[in-house]
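Asks: Give me the fold of what follows.
(one chain, ligands or ions: 4)
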Amino acid sequence: MSGEATIRVSEIFGPTIQGEGALIGVPTVFVRTGGCDYRCEWCDSLHAVEAEYRGTWTPMTAQEIMAEVVRLSGGKPLLVSLSGGNPAIQPLGEVIRQGHAQGYGFALETQGSVARDWFSDLDMLVLSPKPPSSGMQVDWPVFDACLQAGQGADMVMKIVIFDDTDYAWARDVAARYPQLPLFLQPGNHTPPPPDDDSATVDQDGVDERMRWLVDRVVQDRWYQARVLPQLHVMLWGNKRGV
Ligand SMILES: C[S@@+](CC[C@H](N)C(=O)[O-])C[C@H]1O[C@@H](n2cnc3c(N)ncnc32)[C@H](O)[C@@H]1O
Ligand SMILES: Nc1nc2[nH]cc(C(=O)O)c2c(=O)[nH]1
Ligand code: SF4
Ligand SMILES: [Mg+2]
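Replies: Numbers count the residues shown, from 1 in each chain. Ligands and ions are numbered 1, 2, ... in the order given. A predicted model of the protein is given here:
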């Protein structure tokens with residue numbers, strides 16, 4: 001169709017398992033869009049963020065994206081995870097509409113910096129506000145607009161934690177959003193260079209941070225929090241396409 005909006009796609013891969021948060025372990029195909037309005041210091045997906053990788057991103061229509069998802073999933077509907085980059089800066093409403101019509105479910109991961117009316121069509125909206133260690137600053141009115149836009153979808157919050165400052169920040173943020181199920185995830189400090197497919201990750205450091213995080217949460221009797229590692233990173237490091 002001429003004039004149809006295209007979506008900038010960095011990669012489509014799977015099925016694998018969702019490695020993080022509320023849907024951990026669920027078989028899923030990933031659609032990773034290209035481009036992000038943030039630059040987190042420790043971003044593990046720079047190949048979908050930095051402008052120098054623009055040339056590797058492909059403009060695709062909703063129909064083309066769903067055709068690839070259907071091919072990868074063998075035509076059997078499953079969960080589709082929309083990530084990036086920031087998938088909220090892409091026109092994904094039509095993908096969700098077409099995918100739902102074919103029986104697919106949709107979860108989307110975003111930092112909550114851009115609100116879209118089609119958030120309400122998602123099956124799950126994962127809001128991941130960025131803590132101080134990221135070097136980013138959350139625009140809270142916009143984050144609240146994302147929450148508003150997502151009414152109708154299941155919504156959860158997932159916060160990456162590297163240190164005491166992040167932890168204290170997460171406590172404050174969680175207190176402000178008691179309605180959102182909360183997932184805490186230890187950060188990994190060793191994302192590969194974006195053009196390197198190496199899987200090397202400082203897993204000992206991640207494990208240590210995970211144990212520290214569990215200790216803090218139980219010491220503080222913070223019983224609403226759920227602490228989970230990145231399962232795919234444990235299994236495959238920071239390898240791409242898994
Ligand atoms: C690459 S981001 C893409 C989606 C969106 N831009 C966001 O940040 O929510 C997907 C998830 O990975 C998390 N993440 C990114 N880098 C990480 C790292 N080094 N360690 C742990 N989690 C990380 C983000 O916080 C987010 O929850
Ligand atoms: N298996 C797997 N699970 C994930 N959960 C969130 C991911 C992401 O990069 O958004 C991710 C990913 O890249 N792979
Ligand atoms: S918001 Fe997400 S994709 Fe963008 S730089 Fe941060 S972690 Fe990476
Ligand atoms: Mg990732």
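Asks: Which neighbours in the sheet does the longest strand seen in the chain have, and how are they oriented?
Replies: Longest strand in the chain, counting residues (DSSP state E): strand 7-17. In the sheet, strand 7-17 lines up against strand 27-33 (antiparallel), strand 58-60 (antiparallel) (DSSP bridges).
Asks: ok, and for that strand, which residues are buried?
Replies: Neighbour-count burial for strand 7-17 flags 7-12, 14-17 (criterion: 16 or more other Cβ atoms under 10 Å). Yep, even glycine has a C-beta here, placed from its N, CA and C like the rest.
Asks: returning to that earlier point: so which of the strands paired with strand 7-17 is nearest residue 77?
Replies: For residue 77, the closest of the strands paired with strand 7-17 is strand 27-33, at 10.3 Å, according to Cβ to Cβ.
Asks: picking up where we left off before, can you add mean neighbour count and give the strands paired with strand 7-17 back as CSV?
Replies: Below are the strands paired with strand 7-17 laid out as CSV (neighbours: other Cβ atoms under 10 Å):
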stretch, mean neighbour count
strand 27-33, 22
strand 58-60, 15
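Asks: Just to be sure, residue 39 is in a strand?
Replies: No: under DSSP: H, G, I helix; E, B strand; the rest coil, residue 39 sits outside any strand and is assigned coil.
Asks: dump the residue contacts of it.
Replies: The contact partners of residue 39, taken as Cβ atoms under 8 Å, 6 or more residues apart in numbering, are 49, 135-136.
Asks: Ligand 2 contacts on the chain?
Replies: Listed as neighbours of ligand 2 in the chain under the rule Cβ under 6 Å from any ligand atom: 16-20, 30, 45, 83, 109, 232, 242.
Asks: Of the residues you listed, which are in range of ligand 3?
Replies: Checked against ligand 3 using Cβ under 6 Å from any ligand atom, the residues of the chain next to ligand 2 yield the following neighbours: residue 45.
Asks: Which two of the residues of the chain next to ligand 2 have the greatest separation?
Replies: For those, and using Cβ to Cβ, no pair is farther apart than 17 and 45, which are 17.4 Å apart.
Asks: I'd like to know which of the contacts of residue 39 is nearest to ligand 2.
Replies: Closest approach to ligand 2 among the contacts of residue 39 (Cβ to the nearest ligand atom): residue 49, at 11.1 Å.
Asks: check which helix or strand covers the closest residue in space to the closest one that isn't next to it in sequence.
Replies: In space, and not counting its chain neighbours, residue 49 is closest to residue 36: 4.4 Å by Cβ to Cβ, 6 or more residues apart in numbering. Residue 36 is part of no helix or strand, with elements assigned from DSSP states H and E.
Asks: do residue 156 as well
Replies: Using DSSP H and E, residue 156 falls within strand 154-161.
Asks: list the buried ones in the helix or strand just after that strand?
Replies: Using DSSP H and E, the helix or strand that follows strand 154-161 towards the C-terminus is helix 164-176. Within helix 164-176, the residues that qualify as buried are 166-167, 169-170, 173-174, counting by 16+ other Cβ under 10 Å.
Asks: With stretch 109-127 instead?
Replies: Across stretch 109-127, burial judged by 16+ other Cβ under 10 Å covers 109-116, 118-119, 121-127.
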